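1. Turn this into a model:
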Amino acid sequence: MTIYLDNAGTKKPDEKIAGDYLNLIKKSYGNSSSLHSHGREMSKILENCREKIACLFSVEPDIVYFNSGASEGNNTILKGMVDYALFYKTIGKKLPHLIISSIEHPSIIESAKILHNHKRAEVTFIHPEKDGLFKPEKIIDSIKAETILISVGFVNNETGVVQDVKKIGRELKKYKSSIGAKYPYLHTDITQAIEYNTINLERDLIDIVTFSGHKFGSLPGTGVLISKTDKFFPLISGGGQEMDKRSGTVDVYGIYYLVKVLENIAQKRIKNTKILQHKKGKLEQGIEKIEGAKILFKNSPRSPHISLIALKNIEHQNLFVILDKQKISVSIGSACASKSQKISYVLKNMQVDAKTIRETLRISIALATSNNEIEAFLKILAKIYADYQGR
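-> Next comes the predicted model:
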């Protein structure tokens, strides 16, 4: 038996969409930028996908941009907004200021550091409380006259902790209304949130979202950026695709797949979330029966698909290797940073001590994770831990 428990890293593509996807490949082909009939047909499919995304998020289609994923989208927004502000001096002669959550995906953290180190922006990294949550008032208090962007992820990809981004949006609106300002804009990476949260940009007062398709059952290499502001330069220039905000031939097939998956998610979100919460409850009850095991951030609001656990006195790298030999796939933190030998900056900034950080594993489940798989994993984990402690 092989057991896959790294769904927050990449989720298995939704096989129900595969038939429609293959049929599209067979009957439709051509470059969506070409003017001939084949190109126009592909363009029509692409724009139909754009309209469906817009409908799902309650926005207009002309602010929906397709790309390769959240990493590209995050880089585009941070670097593109800063360079736009510098070029057009939208905040005067001073450097643009960014407020960045210190527990974000590396694509945001590293982009912010590059902008700061290259003296293109001033950056304030804000830290959460011990429960992993940000206080909106602390974020608002960090705003300066030159602040153009606030970036706080909706669901943390290592811990599953859910931020109250909607409350941050409300507090930010009050602040901007009080001084009559357009800046700063609120950005959130919703990659880990989209499957289990209904996100409405108008209602939730969010300005910009980014996400990747492969985290919720679509294909790798597809993603979306939705931005109410066009005050950013493109990261990739050339052909002028995506309304001059992202050049390069668009993967129409991949975007079609992504939209189909999102439509299915929207139809079954409430039901599927309840099912997953039940599975997670079963998993975590079993974890807590193992002496020396604990669940981190248990009392904080968390996504139903992610559990961060720690097993006392066994380093996660050792446990990871043992589980992998048993054909059980888990993760040591974020998949995008798992090859690094450094301790997780996310957990460090969430005030987890260094020893515990080195004992953590991220377990992430999906609807496809069976009760038998959960039971088998718990049994194997308990035996491994007991054997390891008895050496």
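2. And H97, how far from R170?
-> As judged by C-beta to C-beta, to the nearest Å, H97 and R170 stand 22 Å apart. For the C-beta atoms, the positions are set from N, CA and C on the backbone; glycine is no exception.
3. More neighbours: those two, which one.
-> Per other C-beta atoms under 10 Å, whichever of H97 and R170 has more neighbours is H97, with 22 against 14.
4. hang on, isn't the more buried one packed against R120?
-> No: look at H97 against R120 with C-beta atoms under 8 Å: they stay out of range, at 11.4 Å.
5. Show me where the chain has its strands.
-> 3-4, 64-67, 97-101, 122-126, 147-151, 185-189, 208-212, 223-227, 293-295, 306-311, 328-329, 360-364 (DSSP state E).
6. Just send the ones you listed back as CSV, with mean pLDDT too.
-> Formatted as CSV, the strands of the chain follow (pLDDT from 0 to 100):
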stretch, mean pLDDT
strand 3-4, 98
strand 64-67, 98
strand 97-101, 98
strand 122-126, 98
strand 147-151, 98
strand 185-189, 98
strand 208-212, 98
strand 223-227, 98
strand 293-295, 97
strand 306-311, 98
strand 328-329, 98
strand 360-364, 98
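7. got JSON lines for those, with distance to K176 too?
-> Shown next, in JSON lines, are those (distance: least, C-beta to C-beta, whole Å):
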{"stretch": "strand 3-4", "distance to K176": "44"}
{"stretch": "strand 64-67", "distance to K176": "24"}
{"stretch": "strand 97-101", "distance to K176": "14"}
{"stretch": "strand 122-126", "distance to K176": "18"}
{"stretch": "strand 147-151", "distance to K176": "11"}
{"stretch": "strand 185-189", "distance to K176": "10"}
{"stretch": "strand 208-212", "distance to K176": "15"}
{"stretch": "strand 223-227", "distance to K176": "17"}
{"stretch": "strand 293-295", "distance to K176": "38"}
{"stretch": "strand 306-311", "distance to K176": "32"}
{"stretch": "strand 328-329", "distance to K176": "45"}
{"stretch": "strand 360-364", "distance to K176": "36"}
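8. Which one, of the ones you listed, ends up nearest to F320?
-> Nearest of the strands of the chain to F320, taken as C-beta to C-beta: strand 360-364 at 6.9 Å.
9. Next, the angle from that closest one to strand 306-311.
-> Interaxial angle of strand 360-364 relative to strand 306-311 (axes from the mean of the first three to the mean of the last three C-alpha atoms, to 10 degrees): 150 degrees.
10. on that earlier part again, of all the strands of the chain, which one is nearest I236?
-> strand 64-67 (8.3 Å).
11. residues making contact with the closest one?
-> Outside of strand 64-67, the residues within contact range by C-beta atoms under 8 Å, 6 or more residues apart in numbering are 46, 49-50, 53-54, 57, 73, 76, 222-227, 242-243, 245-246, 250-251, 255.
12. Now a PyMOL select for only the buried ones of the residues you listed.
-> Typed into PyMOL, the line below selects the buried ones among the contacts of strand 64-67, using 16 or more other C-beta atoms under 10 Å:
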select buried, resi 46+49+50+53+54+57+73+76+222+223+224+225+226+227+242+245+246+250+251+255
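13. Might you list the low-confidence residue ranges for the stretch 201-350 of the chain?
-> Counting by pLDDT under 70, the stretch 201-350 of the chain contains low-confidence residues at 333-341.
14. wait, P184 sits on L149?
-> Yes: in this structure P184 lies within contact range of L149 using C-beta under 8 Å: 5.4 Å.
15. Buried residues, stretch 146-158. List them.
-> Counting neighbours by 16+ other C-beta under 10 Å, stretch 146-158 gives 146-158 as buried.
16. Send me that stretch as PDB with only the CA atoms.
-> The C-alpha trace of stretch 146-158 is given here as PDB (Å, rounded to 0.1, in the frame of the first residue of the first chain):
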ATOM      1  CA  GLU A 146       4.400  55.400   1.200                       C
ATOM      2  CA  THR A 147       2.800  52.000   1.800                       C
ATOM      3  CA  ILE A 148       1.500  50.600  -1.400                       C
ATOM      4  CA  LEU A 149       0.800  47.000  -0.600                       C
ATOM      5  CA  ILE A 150      -0.100  44.700   2.300                       C
ATOM      6  CA  SER A 151       0.400  41.000   1.700                       C
ATOM      7  CA  VAL A 152      -1.100  38.400   4.100                       C
ATOM      8  CA  GLY A 153      -1.800  34.800   3.000                       C
ATOM      9  CA  PHE A 154      -5.300  33.400   3.600                       C
ATOM     10  CA  VAL A 155      -4.100  29.900   4.700                       C
ATOM     11  CA  ASN A 156      -0.600  29.200   5.800                       C
ATOM     12  CA  ASN A 157       0.800  26.300   3.800                       C
ATOM     13  CA  GLU A 158       2.800  24.800   6.600                       C
END
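17. Adjust the sequence numbering to begin at 10 for everything that follows.
-> Fine by me, first position is 10 from now on; the one you just mentioned is stretch 155-167.
18. Could you break the protein into its assigned domains?
-> Taking automatic domain parsing as the criterion, the chain consists of the domains 12-21+278-398, 24-272.
19. Run the chain-centre distance for the first one.
-> When you say that, I think you mean domain 12-21+278-398. 18 Å (C-alpha atoms, centre = their mean, to the nearest Å).
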